[in-house]
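# Sequence isn't available, so here's the structure alone:
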């Protein structure tokens, strides 16, 4: 039986050696001296078993076959009550103790796994998230291969509890997360109380043990959070935590983290995925109303600087696969995102449309069915931007849609792009362009620097033909003037087709020689670029 924690206990009831049973159930313990010993067997989901006593003599190698006799631990009958107290070191009669002991077994197994140093393929990442919707704004990642004791290792427990989990100095702010050694330490047990909680996960109630700091220290940040355990089998699934004693603006970012725990086929345990979320603050200049005092009722404003939440920085990683003896014993199912891009009005697929996953270097292009597939994304919220021809020709930029990528299971997303009518409604205020009209769309740039010119004046002049009631046509000169936006872009709607348009531009008023632009019969949108000379 793999994954059992085997502890050698001496005659004084002290733990003197400990090991994790391997894939075939074998284990090896070295006693510090000859004497009488017992074996205590801890297996996740089962009550402890005690074997012995037996005598070990100097230089002797003893093979001890162990039969597990412990009764299964049942979490089915645990009842969660809002009135449950938060207890320091709860005894075995408390429900929180039952769940905490199962979590401790997994943490202990993770510590023992450190001595085996498997070959691990890791992906580490750093990403910046939109503070409003947690969408990825920028992401950097790299992969590592090699032997490792644990993919995630924290600062020593004594250092964390002495200085705090969040430390500030002249170089910046450092956020630390706990590892198995910290969570199993005496300092953690003495300084945190435990309480039984529950949540609904995958339509089933999942028990957990919540921990909170016993005392609050204004000058040091601690952590509070929850260990989540499977109701069936009692395996530790995840740890969620948040930092305490942070400024209110940092609380908005839900500064904290989470870890998912991984049990390997050979019984070893490790942190399979982890992430720390940290606030990115920006200083905003402002003013506040000060006490006028004896100023005769005059209002006095006092300048002040405040920190505002600009973004959320997330640093984390995940184990992609684990190997022993040149053989992969576990691999992660990577997230796969499949998108189908369709017209929102007609529901037909939009084919061969290029796009990007914003914040990453991933490029995509829809196929003949309007679909595109991306694999290997870190789970999270992404913004996909598509270069739709009509939007591009009208200078409306890219169409952007948010998608949530889940872990493991494929994510299928239908993205409904704006219809032709809705695009023209946004561009010109009407949901269609008459057959005899077109839109001039373009950008004004500087002749020297080549940069766009904002707030420039653009004028279009052309001859429109109108039918007479008694036959024949009459012609009328039409003139429209618009200003470029901050990016130097402009649009002129309602221009006649099958005619020549004179277009001129200037920094404050149209100037210089007008450009002749031919608008043909089949041009619904005519793109052009205007260049301004030195003022």
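It's in. As the structure is a computational prediction, the values presented were derived from the model and not from experiment.

# The stretch 201-350 of the chain: helices as residue ranges?
With helices called from DSSP state H, counting those that start in this stretch, the stretch 201-350 of the chain shows them at 248-251.

# Select the longest helix from this structure.
helix 95-113 (DSSP state H).

# How is the protein divided into domains?
As assigned by automatic domain parsing, the chain contains the domains 1-72, 112-285+304-331, 335-421, 433-532.

# Select, out of these, the one closest to residue 100.
domain 112-285+304-331 (4.7 Å; CB to CB). C-beta here means a position set from N, CA and C on the backbone, and glycine is covered the same way.

# Just checking the distance from the closest one to the centre of its chain.
Here domain 112-285+304-331 is found 13 Å from its chain centre; the criterion is CA atoms, centre = their mean, to the nearest Å.

# do the same with stretch 110-130
17 Å.

# buried stuff in it?
110-114, 116, 118-125, 127-130 (16 or more other CB atoms under 10 Å).

# Low-confidence stretches in the chain?
Flagging of the chain using pLDDT under 70 yields the residue ranges 69-70, 74, 76-84, 92-93, 149-150, 203, 285-305, 466-472, 512, 534-535.

# Show me the residue sitting in the middle of it in space.
residue 380 (4.3 Å; CA atoms, centre = their mean).

# residues in contact with it?
127, 129, 134, 136, 404, 405 (CB atoms under 8 Å, 6 or more residues apart in numbering).

# Quick check: next helix or strand after the longest helix of the chain?
Remark: after helix 95-113, the chain's next helix or strand is strand 119-129, criterion DSSP states H and E.

# Can you tell me the strand partners of whichever helix or strand comes after that following strand and which way each runs?
The first helix or strand that comes after strand 119-129 along the chain, using DSSP H and E, is strand 136-147. Looking at strand 136-147 with DSSP bridges, its partner strands are strand 119-129 (antiparallel).

# quick one: contacts of the strand it pairs with?
135-148, 151, 270, 277, 280, 311-324, 359, 378, 380-381.

# Drop anything exposed from these.
Using 16+ other CB under 10 Å, the buried ones in the contacts of strand 119-129 are 135-136, 139, 141, 148, 151, 270, 277, 311-320, 322-324, 359, 378, 380.

# Restricted to strands, list these.
136, 139, 141, 270, 277, 311-320, 322-324, 380 (DSSP state E).

# on that earlier part again, reformat the domains of the chain as CSV; add distance to residue 101.
Putting these into CSV (distance: least, CB to CB, whole Å) gives the following:
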stretch, distance to residue 101
domain 1-72, 9
domain 112-285+304-331, 9
domain 335-421, 28
domain 433-532, 61
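
# So for residue 95, which of the ones you listed sits nearest?
domain 112-285+304-331 (4.6 Å).

# Pull up the distance across the closest one, start to finish.
Terminal residues of domain 112-285+304-331 lie 21 Å apart, using CA to CA, to the nearest Å.

# For the nearest residue to residue 127 once chain neighbours are set aside, give its distance to residue 370.
Spatial nearest neighbour of residue 127, chain neighbours left out: residue 139 (4.1 Å); criterion: CB to CB, 6 or more residues apart in numbering. To residue 370, residue 139 is 26 Å away according to CB to CB, to the nearest Å.

# now swap in residue 87 and tell me
From residue 87 to residue 370 the distance is 57 Å (CB to CB).

# between these two, which one's more packed in?
It is residue 370, of residue 87 and residue 370, that has more neighbours when counted by other CB atoms under 10 Å, with 20 against 15.

# which ones are touching the closest residue in space to that one that isn't next to it in sequence?
The shortest distance from residue 370 to any non-neighbouring residue, by CB to CB, 6+ apart, is to residue 349 (2.6 Å). Counting by CB under 8 Å, 6+ apart, residue 349 makes contact with 340, 341, 342, 366, 368, 369, 370, 371.

# what's the spacing between residue 349 and residue 368?
For residue 349 relative to residue 368 (CB to CB), the value is 8 Å.

# and what of residue 241?
Residue 241 is 48 Å from residue 368, by CB to CB.

# Looking at these two, which has the bigger crowd around it?
Taking other CB under 10 Å, residue 241 and residue 368 do not tie; residue 241 has more neighbours (22 against 8).

# I'd guessed the more buried one sits against residue 224; true?
Yes - here residue 241 reaches residue 224: they are 6.7 Å apart, a contact under CB atoms under 8 Å.

# Filter the contacts of residue 349 down to the buried ones and hand me the ChimeraX line.
In ChimeraX, this line selects whichever of the contacts of residue 349 come out buried by 16+ other CB under 10 Å:
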select :340,341,342,366,370,371
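
# Which members of the contacts of residue 349 are the farthest-apart pair?
The most distant members of those, if one measures by CB to CB, are 342 and 368, lying 13.3 Å apart.

# that older thread, please name the bridge partners of the residue nearest to the centre of the chain.
Beta-bridge partners of residue 380, as defined by DSSP bridges: residue 405.

# what about the closest residue to residue 263 other than its chain neighbours, distance to residue 111?
Nearest residue to residue 263, sequence neighbours excluded (CB to CB, 6+ apart): residue 269, at 5.6 Å. Between residue 269 and residue 111 the distance is 9 Å, computed by CB to CB.

# what do you get for residue 354?
On the measure of CB to CB, residue 354 and residue 111 end up 49 Å apart.

# and if you look at residue 473?
90 Å.

# what's the answer for residue 516, then?
79 Å.

# likewise residue 506?
73 Å.

# swap in residue 159?
18 Å.

# cool, residue 435 as well?
From residue 435 to residue 111 the distance is 75 Å (CB to CB).

# And the strands in the stretch 351-500 of the chain?
354-357, 363-365, 371-377, 380-386, 399-405, 411-417, 437-446, 457-467, 473-483, 489-496, 499-506 (DSSP state E, counting those that start in this stretch).

# Could I get those in CSV, plus columns for distance to residue 329?
What follows is those, written out as CSV (distance: least, CB to CB, whole Å):
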stretch, distance to residue 329
strand 354-357, 31
strand 363-365, 33
strand 371-377, 21
strand 380-386, 27
strand 399-405, 26
strand 411-417, 27
strand 437-446, 57
strand 457-467, 66
strand 473-483, 65
strand 489-496, 56
strand 499-506, 67
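
# What is the burial count for residue 16?
Counted with other CB under 10 Å, residues neighbouring residue 16 total 16.

# What about the residue lying closest to residue 485 once chain neighbours are set aside, how many residues nearby?
Excluding its sequence neighbours, the residue lying closest to residue 485 (CB to CB, 6+ apart) is residue 454, at 6.7 Å. When counting by other CB under 10 Å, one arrives at 14 neighbours for residue 454.

# Surely residue 454 is in contact with residue 507?
No - Residue 454 lies out of contact with residue 507 (CB under 8 Å); the separation is 9.8 Å.

# which neighbours do those two share?
By CB under 8 Å, 6+ apart, no residue touches both residue 454 and residue 507.

# I'd like to know the beta-bridge partner residues of residue 443.
Beta-bridge pairing for residue 443 (DSSP bridges): residue 489, residue 529.
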